[in-house]
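Peer 1: take a look and give me a structure for this.
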Amino acid sequence: MRNQIYALIFNDITSWCYKNCLSYFPAGSSILDVGIGNGIMLKHFHNLIREKNLNIIGIDINKTYLNQCNGLIENYNLENHIEIHNAPIERYEPPAAGYFNYILFSMSFMLFDDQRLVLDRIKTWLKPDGQMVFFQTLFKERMPIVEFVKPKLNYLTTIDFGRITYQDAFYGLLQEKGISVLEDRLIKKEWFKGEYRMIVAHHANGASGKTTPNHRKSA
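Peer 2: Numbers count the residues shown, from 1 in each chain. Prediction:
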């Protein structure tokens, strides 16, 4: 039942996320997918993953989701491209330092209790030119009704939707951690003035000052 609710709510979001992110990753990239979930995107993007020879490690804390994801990996013969681990990012250890070209937060960054800790932990996981890709809903102005409703959805659906994320606070956190935004794509406008955004960033070696991302709208 939980997987059915998850699919009903997130299929559209997941499709937008992986359509844009998988297209962005160059062939042969090594990717950490933080919050891979039930792997529903594999039904639509298994050929692209194989054609681009992407190497994906997916982590998630939900065993039920990962069991379904593992079934899809086997069904589409993606064992050479995807491996999954039942672990929170706060305790996950990569195969080696500087291992990933990209770390993808696929609608998962707003779920973390300590986002600063997460950004500190992943700093050494990326190659020198590695990038973080955040796909999430951002709000430009305060939305009290969403702040009230979002936590309640966890009780109704058993799914954690995380905290509401405001653009200024998100960019402020990245700046605080010396992370520079390279690109900010508006993917789709959503309800209550929320926006699906794909934000590409990298560590700027402690550089300070306001970042000036390249804003664009997805085709």
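
Peer 1: what sits closest to Thr137 if chain neighbours are left out?
Peer 2: Across the structure, with C-beta to C-beta, 6 or more residues apart in numbering as the measure, the residue nearest Thr137 apart from its sequence neighbours is Gly194 (4.5 Å). For the C-beta atoms, the positions are set from N, CA and C on the backbone; glycine is no exception.

Peer 1: could you check how far the one you found is from Ile40?
Peer 2: 21 Å (C-beta to C-beta, to the nearest Å).

Peer 1: these two: who's more crowded?
Peer 2: Summary of the neighbour comparison: Gly194 and Ile40, criterion other C-beta atoms under 10 Å, with Ile40 having more neighbours (21 against 18).

Peer 1: from Ile13, how far off is the more buried one?
Peer 2: Using C-beta to C-beta, we find Ile40 at a distance of 10 Å from Ile13.

Peer 1: now Val200
Peer 2: Separation of Val200 from Ile13 (C-beta to C-beta): 18 Å.

Peer 1: what do you get for Pro94?
Peer 2: Using C-beta to C-beta, which is the criterion applied here, Pro94 is 26 Å from Ile13.

Peer 1: could you do Leu22 as well?
Peer 2: Relative to Ile13, Leu22 is positioned 15 Å away (C-beta to C-beta).

Peer 1: Leu119 reaches Lys177, doesn't it?
Peer 2: Yes. Taking C-beta atoms under 8 Å as the definition, Leu119 is a contact partner of Lys177 at 4.8 Å.

Peer 1: these two: which is more packed in?
Peer 2: Of the pair Leu119 and Lys177, Leu119 is the one with more neighbours under other C-beta under 10 Å, namely 20 against 17.

Peer 1: in the chain, where's the longest strand?
Peer 2: Of all the elements of type strand in the chain, the one with the most residues (DSSP state E) is strand 126-138.

Peer 1: tell me the mean pLDDT for it?
Peer 2: The predicted model gives strand 126-138 an average pLDDT of 94.

Peer 1: mind checking what helix or strand follows the lowest-mean-pLDDT helix or strand in the chain in sequence?
Peer 2: Ranked by mean pLDDT, DSSP states H and E, the weakest helix or strand in the chain is helix 144-157, scoring a mean of 43. Next helix or strand after helix 144-157 toward the C-terminus (DSSP states H and E): helix 167-176.

Peer 1: just checking, what packs against the helix or strand following that following helix?
Peer 2: For helix 167-176, the succeeding helix or strand toward the C-terminus, using DSSP H and E, is strand 179-189. Using 3 or more C-beta pairs under 8 Å, 6 or more residues apart in numbering; DSSP states H and E, the elements in contact with strand 179-189 are helix 2-24, strand 126-138, helix 167-176, strand 195-203, strand 214-217.

Peer 1: next, the angle strand 126-138 makes with strand 179-189.
Peer 2: Comparing the axes of strand 179-189 and strand 126-138 via axes from the mean of the first three to the mean of the last three C-alpha atoms, to 10 degrees yields an angle of 40 degrees.

Peer 1: what residues sit buried inside strand 179-189?
Peer 2: Under the neighbour-count criterion of 16 or more other C-beta atoms under 10 Å, strand 179-189 has 179-182, 184-185, 187 buried.

Peer 1: from the residues you listed, which is closest to Leu48?
Peer 2: Here the nearest of the buried residues of strand 179-189 to Leu48, counting by C-beta to C-beta, is Ile187; it sits at 17.3 Å.
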